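Asks: Below is the sequence, then the predicted model.
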Amino acid sequence: MIRRIGYHTAMGLVSFLWVAPILWVVVISFRSFDDVAANGLGSLPHSFTFSTYKSAWEDADEFRALINSLLVTIPAVLLSLGLASVAAYGLARYNIPFRRTVLLLMLMGNLLPPQILLIPISRFVELIGYYDTLIALVAVHVGFGLGFYTFVLHGFMRDLPREIQEAATIDGAGPGRIYSAVILPLTRPALAALGALSFTWIFNDLLWSITVIRSGEKMPVTPALLGLQGLFVSSWNVIAAGTVIAAVPTVAVFLRFQKHFVGGLAIGAVK
Amino acid sequence: MSPLILAFVLVPFVIEAIWVFWPALQGFWLALTSWDGLSAPRFVGFGNFSDMVSDPIFRTALKNTAIWLVLFGGLSVVGGFGMALLLQKERRGVGIYRAALFTPVVFSLVVTALIWRVFYQPDGLVDTVFRSVGLGNFVRPWLADPDTALYAVIVPALWRQIGYVMVLYLAGLKAVDPALYEAAKVDGASAWQRTRYVTLPQLKGVNSVVLSVIVIDSLRSFDIVWSMTKGGPYHSSELLSTYMYSTAFQSTQLGYASALAVIIFLLALAVILGYLIRAFREEA
């Protein structure tokens, strides 16, 4: 009994300390500038205002940054999972020559430190005239993510029973039909996990955005958030509001796909 | 072989080749050149690498990357594993505790950085707490002091990583056959002995995954440092990755920056190879 109380007290305290920084920033985001100036960031709130959110949303144009992020993230997630799933299907279900080499090469591409790619890619998008465009950012995310998604989906599709595919073949279905009607529906759990995961990865990206995009009005929300600091020097309540806004989409995806998200993170751990 | 299947595999492969393999090869080549991005790259052999030896910023960045690997990596493994052990058994409340530790993983590192910058402000919570418990002489500009900047960045990085490592270990612990614990219990093994002789050996696979993830994450770490200190003050929190970025895009020494990227690659190579060998065996 005492052990149980001790356990819950200790874990409750750790959990509280863990989320406290987030709660604290949310509280600050609702404080007025005068309150923060008079009492300091460390004090309890003496005011309540939404004006911070208005400043971040309108003056700092976080609205546009959020739209940019979604314009990059949604196509990038759909494209990379679509392409990875067809590649994984071909590699897992058909005897393609050098299939193992191809799969491992693709995985290796994702394991490379992105630093080795930054300079050549920034030059390359400039060369093809796509520097400072959201399309370039989508392409980079698709290219870099493909390897990992293909590898995970391949592992998943490989373990699907042969008989299903044979039955479909006897019924006269071609490879394309088998993919869309048989394999893809069975792969849905893995696709959901990877989808939730890749959404946060791409949405949260900083490095590729600041490598490929230059103009402020084209920046996705993560790098734009850094720019907020220059705009609202030491107005930490506005910066806090901007931070909360930037976190909302990934938190929403997490809450909606919680199970898949956690499952996705654990992919590979149990091998 | 149906042409459709070939296209299924080839199209994604070619896309990755264009956006990853080809640029990577160029990156290795550029490391052997001196290049300002305007005139043509000039071949200098291993000149960039010998320049590094006498570059004090490179040495600081290398040392800090090692510190990062040990502190960030080591503590997130210890913390994540400890939390997984504590939260492994399904009982009331455990879901809430797991969710709490896991929450930061959802945020971007930039969001994490800003949350903690608010904390480290001169009138922020960290200093307020120190003052209120009578430790006022500890108060300092945490991110602007060369002695503390690196460590002040590691704390939020850990805050986020521990929950992630915990998830990996929880998944691993779940996969351990409960019959093994029962057998050990019947044989009279204590809780500690069960952890030491049953749990740990069963976690070998997870350990190697966690280790790979940690090393690669440490070498790639960029966002949190860039958003909190940009590697400063006076390069005191510089990592190889931030130094590479600023050398490339702020001082436009593209050849030297490529060589720094190659160093990062070489440091990651053992992990990459280990990962591939494991994947290869599994496919066999």
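Replies: Structure's in. What do you need? These numbers were taken from a predicted model, which means no experiment stands behind them.
Asks: For the rest of this, base every contact and every neighbour count on C-alpha atoms.
Replies: Fine.
Asks: helix or strand for residue 82, which one?
Replies: I went with chain A, as the question did not name one. In the assignment (DSSP states H and E), A:Gly82 maps to helix A:62-93.
Asks: nope, chain B please
Replies: Per DSSP H and E, B:Gly82 falls inside helix B:74-86.
Asks: Please apply the same query to A:Val152.
Replies: helix A:134-158.
Asks: Just the residues contacting the next helix or strand after that helix, thanks.
Replies: If you walk from helix A:134-158 toward the C-terminus, the next helix or strand you reach (DSSP H and E) is helix A:162-170. Residues lying outside helix A:162-170 but in contact with it, judged by C-alpha atoms under 8 Å, 6 or more residues apart in numbering or on different chains, are A:178, A:182.
Asks: Off-centre distance for helix A:162-170?
Replies: Using C-alpha atoms, centre = their mean, to the nearest Å, the mean C-alpha position of helix A:162-170 is found 36 Å from that of the whole chain.
Asks: now the next helix or strand after that helix, how far from the centre of its chain.
Replies: Taking DSSP H and E as the definition, the helix or strand that follows helix A:162-170 towards the C-terminus is helix A:175-178. For helix A:175-178, the distance between its averaged C-alpha position and the chain's averaged C-alpha position is 30 Å (C-alpha atoms, centre = their mean).
Asks: for the record, mean pLDDT for helix A:175-178?
Replies: Per-residue pLDDT over helix A:175-178 has a mean of 90.
Asks: which parts of it are buried?
Replies: By 16 or more other C-alpha atoms under 10 Å in any protein chain shown, the buried positions in helix A:175-178 come out as A:175-176, A:178.
Asks: pretty sure A:Gly143 is in contact with B:Phe21, am I right?
Replies: No - A:Gly143 sits out of contact with B:Phe21 when judged by C-alpha atoms under 8 Å, with a separation of 9.7 Å.
Asks: Give me the more crowded residue out of these two.
Replies: More crowded of A:Gly143 and B:Phe21, by other C-alpha atoms under 10 Å in any protein chain shown: A:Gly143, with 27 against 23.
Asks: Okay, that one and B:Gln88: tell me how far apart.
Replies: Between A:Gly143 and B:Gln88 the computed distance is 37 Å (C-alpha to C-alpha, to the nearest Å).
Asks: With A:Leu78 instead?
Replies: On the measure of C-alpha to C-alpha, A:Leu78 and B:Gln88 end up 35 Å apart.
Asks: try B:Gly82
Replies: Look at B:Gly82 and B:Gln88: by C-alpha to C-alpha, they are 10 Å apart.
Asks: And B:Gly80, by the same measure?
Replies: From B:Gly80 over to B:Gln88 the distance is 12 Å, taken as C-alpha to C-alpha.
Asks: likewise A:His8?
Replies: According to C-alpha to C-alpha, A:His8 and B:Gln88 sit 14 Å apart.
Asks: How about B:Leu203?
Replies: Counting by C-alpha to C-alpha, the separation of B:Leu203 from B:Gln88 is 14 Å.
Asks: which residues are common contacts for those two?
Replies: B:Leu173.
Asks: isn't A:Phe50 right up against A:Phe30?
Replies: Yes - look at A:Phe50 against A:Phe30 with C-alpha under 8 Å: they come within range, at 6.1 Å.
Asks: Neighbour count for the two, which is higher?
Replies: Using other C-alpha under 10 Å as the criterion, A:Phe50 and A:Phe30 rank with A:Phe30 on top: 20 against 13.
Asks: any idea of the pLDDT on that one?
Replies: Among the per-residue scores, A:Phe30 holds a pLDDT of 94.
Asks: Please enumerate the strands of the stretch 151-284 of chain B.
Replies: Along the stretch 151-284 of chain B, no stretch is classed among the strands by DSSP state E, counting those that start in this stretch.
Asks: Around chain A, pick out the residues from it.
Replies: When proximity is defined as C-alpha under 8 Å from any C-alpha of the partner chain, the stretch 151-284 of chain B approaches chain A at B:159, B:164, B:167-169, B:171-172, B:175, B:205-206, B:209-210, B:216, B:219-220, B:222-223, B:227, B:241, B:244-245, B:248, B:254, B:258, B:261-262, B:264-265, B:268, B:272, B:276, B:279-280, B:283.
Asks: Among the residues you listed, which ones are in helices?
Replies: Among those, DSSP state H puts B:159, B:164, B:167-169, B:171-172, B:205-206, B:209-210, B:216, B:219-220, B:223, B:227, B:241, B:244-245, B:248, B:254, B:258, B:261-262, B:264-265, B:268, B:272, B:276, B:279-280, B:283 in helices.
Asks: Narrow those to just the buried residues.
Replies: For these, buried by 16+ other C-alpha under 10 Å: B:159, B:164, B:167-169, B:171-172, B:206, B:209-210, B:216, B:219-220, B:223, B:227, B:241, B:244-245, B:248, B:254, B:258, B:261-262, B:264-265, B:268, B:272, B:276, B:279.
Asks: residue contacts, the residue minimising distance to the centre of chain A?
Replies: Nearest residue to the geometric centre of chain A (C-alpha atoms, centre = their mean): A:Thr200, 1.8 Å. Applying C-alpha under 8 Å, 6+ apart, one finds that A:Thr200 lies in contact with A:250, A:253, B:106, B:108.
Asks: Between those, which sits nearest A:Leu231?
Replies: B:Ser108 (20.4 Å; C-alpha to C-alpha).
Asks: so the closest one touches A:Asp205, yeah?
Replies: Yes - the pair formed by B:Ser108 and A:Asp205 meets the contact definition of C-alpha under 8 Å, at 7.5 Å.
Asks: between the two, who's got more neighbours?
Replies: Between B:Ser108 and A:Asp205, counted using other C-alpha under 10 Å, the more crowded position is B:Ser108 (24 against 21).
Asks: count of neighbours near the closest residue to that one other than its chain neighbours?
Replies: If the residues on either side of it in the chain are set aside, B:Ser108 comes closest to A:Asn204, at 4.8 Å by C-alpha to C-alpha, 6 or more residues apart in numbering or on different chains. Residues within reach of A:Asn204, counting by other C-alpha under 10 Å, total 27.
Asks: Do you know the pLDDT at A:Asn204?
Replies: Per-residue pLDDT puts A:Asn204 at 94.
Asks: ok, it - contacts?
Replies: When the contact criterion is C-alpha under 8 Å, 6+ apart, the partners of A:Asn204 are A:222, B:107-110.
Asks: again, only using 10 Å
Replies: For A:Asn204, the contact set (C-alpha atoms under 10 Å, 6 or more residues apart in numbering or on different chains) comprises A:69, A:73, A:198, A:220-223, A:246-247, A:249-250, B:106-111, B:223.
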